[in-house]
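Colleague: Pasted the sequence and its predicted model underneath.
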Amino acid sequence: MCMVHSSGGVLPPASDQLKSEVNIIANMAQKTLGNHPVDWLHLAEDNDRIRKLIEACIPGFHDFNERLEQPGGFYLGNTAAQRIWMTENRRANVMSNPLPEQLIADQIKQQTAPEGTDIFTLQTLRSHDQYNTTVYGYNDRYRGVKGIRKVVFMHQEDMDKLGLNPEQEITLTSHWHDGSERSVSGFKAVAYDIPKGNMAAYYPETNPLVPLDSYGDRSFTPTSKAIAISIKTDSNSNAIKLS
């Protein structure tokens, strides 16, 4: 951890029209902000220019371009590992925070969900063959799934309660205070060792279920680990073996 090294593509570009992420972002910034606060397109012409700005802004990145030429990159450092605490009192401060009195799913069930609807808490997660939203393969050796990503992991008792067979196709619908309908279909029900009332599925396939105005009180990050959902079976359910 804390190693900084360069990375590069190993395959030829799919097209000479293919743009880099830096180029795309720089053009978006230039169209939106003009040449302010920096000349975006000038930066996009050479990543060394971007790294020079990182060097000027973030501690630990001095001589960024030069040190990046070292085999294996360089160690950025971790003050906590050295028992150096960057706090006002220069000590490690341990805090506890109370759990919320009520989960989002419980709030939705009481306030906005249709009468008699079973509401569950869905968390979105990555597979083994995935880095952030980049999917490298359709296998997940962590959870024993092969060749498919549109799966929902749920407790066996929840499957029984909903009358679901293994790998039966289902539709997930999220519920929020705005009353908008957000659904994704064609997912397979998979029994898994997960607490009752909770379910899990991969993102970005389930990103459409996350309400834009559902976010953390202080972090403002999307509540992708606590989505209130209901389940219904798809009318044209087809079984696909997962392994």
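Modeller: All right, it came through fine.
Colleague: Which parts of this structure are strands?
Modeller: Ranges of strands within the chain are 3-4, 74-75, 120-125, 130-131, 134-135, 151-154, 169-174, 182-191, 198-202, 227-233, based on DSSP state E.
Colleague: which residues are contacting the first one?
Modeller: What that stands for is strand 3-4. Here strand 3-4 makes contact (C-beta atoms under 8 Å, 6 or more residues apart in numbering) with 61, 67-68, 72-76. To be clear about C-beta, it is placed using only N, CA and C from the backbone, and glycine gets the same treatment.
Colleague: Can I have the buried ones of those as a ChimeraX selection?
Modeller: Buried residues within the contacts of strand 3-4, by 16 or more other C-beta atoms under 10 Å, are selected in ChimeraX with:
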select :61,67,68,74
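Colleague: can the contacts of strand 3-4 go into CSV with extra columns for distance to Val151 and pLDDT?
Modeller: CSV is the format used below for the contacts of strand 3-4 (distance: C-beta to C-beta, whole Å; pLDDT from 0 to 100):
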residue, distance to Val151, pLDDT
Phe61, 41, 93
Arg67, 43, 94
Leu68, 40, 92
Gly72, 37, 86
Gly73, 36, 89
Phe74, 40, 92
Tyr75, 39, 91
Leu76, 37, 89
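Colleague: closest to Asp46 among the contacts of strand 3-4?
Modeller: For those, the residue nearest Asp46 by C-beta to C-beta is Leu68; the value is 13.5 Å.
Colleague: if I look at the closest residue to the closest one other than its chain neighbours, how far off is Gln70?
Modeller: Using C-beta to C-beta, 6 or more residues apart in numbering and skipping the chain neighbours, the partner closest in space to Leu68 is Ser6 (5.5 Å). Ser6 sits 10 Å away from Gln70, going by C-beta to C-beta, to the nearest Å.
Colleague: ok, now which ones touch the closest residue to Arg126 other than its chain neighbours?
Modeller: Using C-beta to C-beta, 6+ apart and skipping residues adjacent in sequence, the residue nearest Arg126 is Tyr202, 6.8 Å away. Contact partners of Tyr202, counting by C-beta under 8 Å, 6+ apart, are 124-127, 130, 140, 149-151.
Colleague: Name the member of the residues you listed with the most neighbours.
Modeller: Val151 (23 neighbours; other C-beta atoms under 10 Å).
Colleague: In a markdown table, list the contacts of Tyr202 along with pLDDT and distance to Ala113.
Modeller: Listed next are the contacts of Tyr202 as a markdown table, based on pLDDT from 0 to 100; distance: C-beta to C-beta, whole Å:
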| residue | pLDDT | distance to Ala113 |
| --- | --- | --- |
| Thr124 | 96 | 20 |
| Leu125 | 96 | 24 |
| Arg126 | 95 | 28 |
| Ser127 | 94 | 30 |
| Gln130 | 91 | 31 |
| Asp140 | 94 | 30 |
| Arg149 | 96 | 27 |
| Lys150 | 97 | 24 |
| Val151 | 97 | 24 |
